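[1] Kindly return the folded structure for what I paste below:
(one chain, ligands or ions: 6)
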Amino acid sequence: MLRYLKPIRTNSMEKMTSKDFTLLSILLSLCWAQQSDPGSERPPCDRCDLQLSCDCSHGGFTHVPMVTDLALTLDLSFNNISEVTEDDLTGHSRLKALSLQGNRLAAIHPSAFDSLWSLENLDLSNNQLKALNHTWFRKLGALQQLNLLNNPYRCLGSPSVFQSLSRVRRLRFGGPALEELMKGHLLGVTELEELTMHANNIIRYESGALADIWPLGHVTLSLHGPFLTNAALASAVLADVSYPHTPLVLEDLYWMGNESARPLKETAKKRIRSLTLRNFTASDEAIVSLLNTMTGVPLMVVSLEGMTLTGEGRWEGASSVDLKTIDEIYIRHPVVIDLFQFVEHSSYLFLLQYPSKVSFINAEVFVIPCLTSFLLVNVHYLDLSNNLLTDLTLRETLCHGCSPLKGLRVLNISGNALKSLSTVSHLVEKLSKLTHLDISRNAYSSMPQHCSWPHTLRYLNISRATLSTVTQCLPKTLEVLDLSNNNLKSFLLFLPALRELYLSGNKFLRLPPGWLFPNLQTLTLQSNTLNTFGHSDIRSYERLQSLQAGQNKFDCSCDFVDFLQSVFEGDGDVQLTDKEDIYVCDSPLYLQGEVVSQVSLSLYECHQVLCVSVICGVVLCVSTLACVLLWYLHAIWYLKMTWAWLKAKRSSRRRQKRDQEGTEARLSYDAFVSYSERDASWVENLLVPELERTRESSEDSMNAVSPRPLTLCLHKRDFLPGHWIMDNIMSAIESSRRTIFILSENFVQSDWCRYELDFSHFWLFDGNAGGEAAILILLEPLPKDNIPKRFYKLHKLMSSTTYLEWPQEEEKCEEFWESLHKALRIDD
Ligand SMILES: *[C@@H]1O[C@H](CO)[C@@H](O)[C@H](O)[C@H]1NC(C)=O
Ligand SMILES: *[C@@H]1O[C@H](CO)[C@@H](O)[C@H](O)[C@H]1NC(C)=O
Ligand SMILES: *[C@@H]1O[C@H](CO)[C@@H](O)[C@H](O)[C@H]1NC(C)=O
Ligand SMILES: *[C@@H]1O[C@H](CO)[C@@H](O)[C@H](O)[C@H]1NC(C)=O
Ligand SMILES: *[C@@H]1O[C@H](CO)[C@@H](O)[C@H](O)[C@H]1NC(C)=O
Ligand SMILES: *[C@@H]1O[C@H](CO)[C@@H](O)[C@H](O)[C@H]1NC(C)=O
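    Ligands and ions are numbered 1, 2, ... in the order given. Have a look, this model is predicted:
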């Protein structure tokens with residue numbers, strides 16, 4: 001399916017083959033020179049998946065590798081590429097995302113990206129670009145995201161590198177080397193969803209340089225240096241990007257002095273609503289300065305991520321903190337250097353009574369005293385994930401089940417050290433508004449038979465525990481249940497309201513029965529031990545829309561392959577929402593590792609039983625037909641006749657040889673009589689006595705010698721027992737002067753078998769013997785039409801030879817015998 005550009009530069013040679021040798025050799029040497037030019041060799045990279053997404057990261061490439069020009073995304077990150085040349089990327093007009101992050105890029109050809117008309121996302125971060133050039137981007141009209149972070153350029157330069165990038169919505173630039181940002185450097189950038197600027201070492205900023213970008217969705221600024229040494233510059237930057245509805249993130253702050261937060265006055269003036277401080281180190285003075293600066297600002301969201309407090313919590317300097325508007329406090333990974341001193345002095349816990357969302361994540365919280373919990377009266381959402389809570393301290397935190405957190409809707413205590421499901425269910429039972437409970441990544445290993453949950457609970461996450469069974473403990477009210485990454489083997493529990501069920505990373509061998517979940521819409525079962533599933537499994541789920549079941553040990557039977565491919569083609573209501581590539585065959589052995597959607601099984605493999613039966617059937621039919629046909633065409637008869645003919649030929653040769661040797665053939669009989677069994681009585685009672693008795697000479701042959709009796713050869717009497725009948729017949733004929741055929745209806749029709757054998761005699765009359773050796777006696781009138789056509793010899797014989805007819809009238813018999821005698825004694 002994938003087509004690769006082949007690294008062949010000598011295609012032109014083919015056209016030249018007819019030209020004269022000199023030209024060819026010149027060309028050859030040229031090509032040779034080109035190929036041996038070090039650095040022009042581009043290695044191929046074929047790590048593309050079915051979605052045409054090519055991951056060539058961490059491949060040690062020193063040049064942009066050859067990749068199919070159908071690729072939609074190309075990840076070249078973390079290689080050793082130092083240059084993008086003019087034709088490295090030609091032909092990639094479909095490419096939507098290109099990442100060159102983490103290389104050693106120092107040079108990009110001015111038209112290197114010219115053919116990337118569809119490119120939406122370009123990442124050039126973490127390289128060695130000392131200067132940016134607007135010519136790179138002039139054809140990238142579709143570009144929406146551009147990342148230029150952490151390159152050693154000192155300024156963006158003019159003319160603005162962004163002037164043709166009117167669609168860019170996410171822009172990241174700057175780095176440790178960025179020194180100046182002037183008006184006009186960002187010309188062309190008008191409206192952004194996200195702006196990230198790393199300007200920790202910026203020393204020149206022209207006021208207004210960032211002011212033209214509006215609307216501005218989300219701003220992240222690293223302004224370490226300016227905050228420390230150049231408050232005016234920091235103020236100017238902040239003034240340009242602060243808007244009430246633009247969340248502001250400030251990174252890499254190191255605030256020690258009592259004036260540190262002063263540049264934020266500009267932001268405060270603009271009455272921003274959301275402020276995040278990330279990688280932020282502050283002294284007590286700095287905190288006081290911050291609190292004073294922000295007092296009165298209608299701040300709603302305050303996030304402190306990676307905060308280090310060096311002081312003791314002596315914040316009295318903040319005379320009148322007014323932060324009643326705060327709705328959300330998000331604190332992640334705080335470090336308090338002098339924890340014990342700090343707790344003693346801290347008197348700002350009252351701030352906790354305002355927000356409705358409080359998160360203390362990864363904060364080494366092992367308990368929140370019940371009294372403090374009482375402060376959290378407004379809290380709807382409490383996230384205490386990744387802390388050190390145990391069953392015991394959770395009891396204290398939730399005030400032993402008579403929790404003051406009456407309004408709590410979401411409780412996240414994921415990633416703690418909890419062990420007892422009955423404890424947690426008991427503690428949250430009275431939280432009459434609780435809808436979401438995340439107790440994932442805890443140490444739950446078993447589920448009690450019964451638990452008590454609030455009736456409002458809809459969402460329960462117990463993933464990444466070590467549960468091996470599910471019980472009635474799970475509440476019937478659940479709509480979303482996550483039990484992924486446990487040790488479950490089966491799930492037999494009726495949950496009528498359930499819409500989403502996550503069971504990835506367990507040990508399921510088959511899909512749980514669908515009738516248990518009449519409302520289920522989403523089911524994940526990735527990384528289990530599923531062998532197979534099919535239409536009937538899916539059909540048992542009435543409402544299922546999305547299923548993820550990749551990374552299982554699939555047995556690629558025909559039914560399964562067929563089923564899965566039809567689902568991938570969009571048949572049915574259920575969609576497989578994970579990637580096709582992760583549905584891989586585990587068995588049979590010869591398909592191991594193959595992507596199911598790429599497997600093609602032959603018709604024979606798929607319908608072995610059917611095929612074998614069909615083949616057998618066909619063979620049977622054909623042979624029956626052949627038999628019928630052979631029977632119809634009397635082939636057996638012909639075969640036998642041919643055989644007889646061959647034999648006859650042979651024996652006639654033998655006879656000739658005997659003749660040549662001089663040994664006179666002894667004719668021991670006068671006639672061989674060939675007749676049908678049914679005419680035996682006639683033969684035995686009339687013919688034989690008549691011919692074999694000594695006949696008195698009649699009046700008209702007075703002078704004749706009394707004729708000797710004739711000797712007849714009858715098969716019944718004279719054939720040697722134990723010899724093949726044909727041989728007998730043959731030798732009888734050979735040793736008889738004549739052959740008498742007793743023809744009748746019986747002879748021709750009723751007595752096939754003998755007739756056929758007997759008929760072989762006619763072959764003998766092919767040669768010199770001719771028709772004279774045969775005497776035909778018609779016992780009854782035998783119309784020629786009654787004789788089957790294949791006895792054409794008989795036909796011939798009957799028309800060429802006169803035959804004797806056995807008279808119906810008594811008185812003519814004598815005449816008949818007379819004629820017969822005459823015929824038999826012709827050469828006497
Ligand atoms: C890049 O090249 C340097 C030496 O030039 C080498 O040390 C480094 O391991 C290479 N990196 C990769 C990802 O191959
Ligand atoms: C950009 O590249 C063009 C062509 O190589 C060059 O002429 C021009 O000087 C470059 N501009 C900058 C600002 O480097
Ligand atoms: C945090 O900020 C300091 C400067 O205050 C900086 O040196 C350090 O690299 C930053 N850390 C991270 C992870 O960005
Ligand atoms: C900051 O501290 C200095 C002395 O360390 C003092 O002179 C100055 O008044 C203080 N400023 C504020 C705003 O408290
Ligand atoms: C709970 O916290 C964890 C880790 O911080 C997070 O992954 C999860 O999404 C949170 N759960 C809810 C329901 O917000
Ligand atoms: C359940 O928790 C895990 C781990 O915290 C998280 O990754 C997952 O997204 C959560 N599940 C749902 C359905 O939110």
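[2] tell me, what residue is most central in this protein?
    Closest to where the C-alpha atoms of the chain average out (Cα atoms, centre = their mean) is residue 597, at 2.0 Å.
[3] Next up, the contacts around the residue nearest to that residue when sequence neighbours are not counted.
    Distance criterion Cβ to Cβ, 6 or more residues apart in numbering; nearest residue to residue 597, sequence neighbours excluded, is residue 580 at 4.7 Å. For the C-beta atoms, the positions are set from N, CA and C on the backbone; glycine is no exception. By Cβ atoms under 8 Å, 6 or more residues apart in numbering, the contact set of residue 580 is 50-51, 568, 595-597.
[4] hmm, try it at 10 Å
    Residues counted as contacts of residue 580 (Cβ atoms under 10 Å, 6 or more residues apart in numbering) are 49-51, 550, 564-565, 568, 595-598.
[5] Now do residue 120, the pLDDT please.
    pLDDT, residue 120: 97.
[6] and it, what does it touch?
    73, 95-98, 140, 142-146, 167-169.
[7] Give me the phi and psi angles of it.
    Phi and psi for residue 120, reported as degrees, to the nearest 10, are phi -110, psi -20.
[8] which of the contacts of residue 580 are buried?
    Buried by 16 or more other Cβ atoms under 10 Å: 550, 564-565, 595-597, out of those.
[9] Show only the entries of those residues found in helices.
    The members of the buried ones among the contacts of residue 580 that map onto helices under DSSP state H are 564-565.
[10] ok and the residue in the stretch 551-700 of the chain nearest ligand 6?
    With Cβ to the nearest ligand atom, the shortest gap between the stretch 551-700 of the chain and ligand 6 falls at residue 577, namely 13.9 Å.
[11] wait, what's in contact with that residue?
    Applying Cβ under 10 Å, 6+ apart, the residues near residue 577 are 522, 524, 545-550.
[12] go again using 7 Å as the cut-off
    546, 548 (Cβ atoms under 7 Å, 6 or more residues apart in numbering).
[13] quick one: pLDDT of it?
    pLDDT, residue 577: 92.
[14] can I see the domain layout of this structure?
    51-179, 667-695+708-824 (automatic domain parsing).
[15] Can you name the next helix or strand after the helix or strand hosting residue 251?
    Taking DSSP states H and E as the definition, residue 251 sits inside strand 248-255. Moving toward the C-terminus from strand 248-255, the next helix or strand (DSSP H and E) is helix 264-269.
[16] Give the buried residues for the helix or strand following that next one.
    Sequence-wise, the next helix or strand downstream of helix 264-269 (DSSP H and E) is strand 274-282. Residues 274-282 are the ones in strand 274-282 that count as buried (16+ other Cβ under 10 Å).
[17] For those residues, which two are the farthest from each other?
    The largest distance within the buried residues of strand 274-282, taken as Cβ to Cβ, falls between 274 and 281 and amounts to 21.3 Å.
[18] Which strands border the strand or helix carrying residue 737, and is each parallel or antiparallel?
    Here residue 737 sits within strand 736-743, counting by DSSP H and E. Using DSSP bridges, strand 736-743 pairs in its sheet with strand 669-674 (parallel), strand 774-778 (parallel).
[19] buried set for stretch 440-458?
    440-442, 444, 447, 451, 453-454, 457-458.
[20] can you tell me which two in those residues are farthest apart?
    Applying Cβ to Cβ across the buried residues of stretch 440-458, the maximum distance is between 441 and 454, 21.8 Å.
[21] Could you measure from residue 429 over to residue 400?
    11 Å (Cβ to Cβ, to the nearest Å).
[22] With neighbour numbers in mind, choose between the two.
    residue 429 (17 against 12; other Cβ atoms under 10 Å).
[23] what bits of the stretch 51-200 of the chain have low per-residue confidence?
    Residue ranges of the stretch 51-200 of the chain with pLDDT under 70: none are present.
[24] Give me the nearest residue to the closest residue to ligand 3 within the stretch 351-500 of the chain, chain neighbours excluded.
    Nearest residue of the stretch 351-500 of the chain to ligand 3 (Cβ to the nearest ligand atom) works out as residue 362 at 14.8 Å. Nearest residue to residue 362, sequence neighbours excluded (Cβ to Cβ, 6+ apart): residue 386, at 4.1 Å.
[25] Per-residue confidence, that neighbour, what does it come out as?
    pLDDT for residue 386: 97.
[26] show me the contacts for it.
    361-362, 415.
[27] do the same with residue 365
    Contact analysis of residue 365 by Cβ under 7 Å, 6+ apart lists 384, 387-388.
[28] give me that answer again for 8 Å
    384, 387-389.
[29] circling back to that earlier point, for ligand 6, find the nearest of the domains of the chain.
    domain 51-179 (22.8 Å).
[30] how much space between the closest residue to residue 606 other than its chain neighbours and ligand 3?
    Excluding the flanking residues, the one nearest residue 606 by Cβ to Cβ, 6+ apart is residue 558, at 3.5 Å. In this view, residue 558 and ligand 3 are 54 Å apart by Cβ to the nearest ligand atom, to the nearest Å.
[31] How many residues are close by residue 558?
    15.
[32] ok so, going back, among the strands paired with strand 736-743, show me which one is buried the most.
    strand 669-674 (a mean of 24; mean count of other Cβ atoms under 10 Å).
[33] pLDDT of that one, averaged?
    On average, strand 669-674 scores 82.
[34] Tabulate the CA atom coordinates of that strand in PDB.
    Extracted in PDB, the C-alpha atoms of strand 669-674 (Å, rounded to 0.1, in the frame of the first residue of the first chain):
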ATOM      1  CA  TYR A 669     -13.900 -78.500 -36.000                       C
ATOM      2  CA  ASP A 670     -16.100 -77.900 -38.900                       C
ATOM      3  CA  ALA A 671     -17.900 -75.100 -37.300                       C
ATOM      4  CA  PHE A 672     -18.100 -73.100 -34.200                       C
ATOM      5  CA  VAL A 673     -21.600 -72.400 -33.200                       C
ATOM      6  CA  SER A 674     -22.300 -69.000 -31.600                       C
END
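[35] where's residue 305, which helix or strand?
    Going by DSSP H and E, residue 305 is in strand 301-309.
[36] what helices or strands is that strand leaning on?
    strand 274-282, strand 328-332, strand 335-336 (3 or more Cβ pairs under 8 Å, 6 or more residues apart in numbering; DSSP states H and E).
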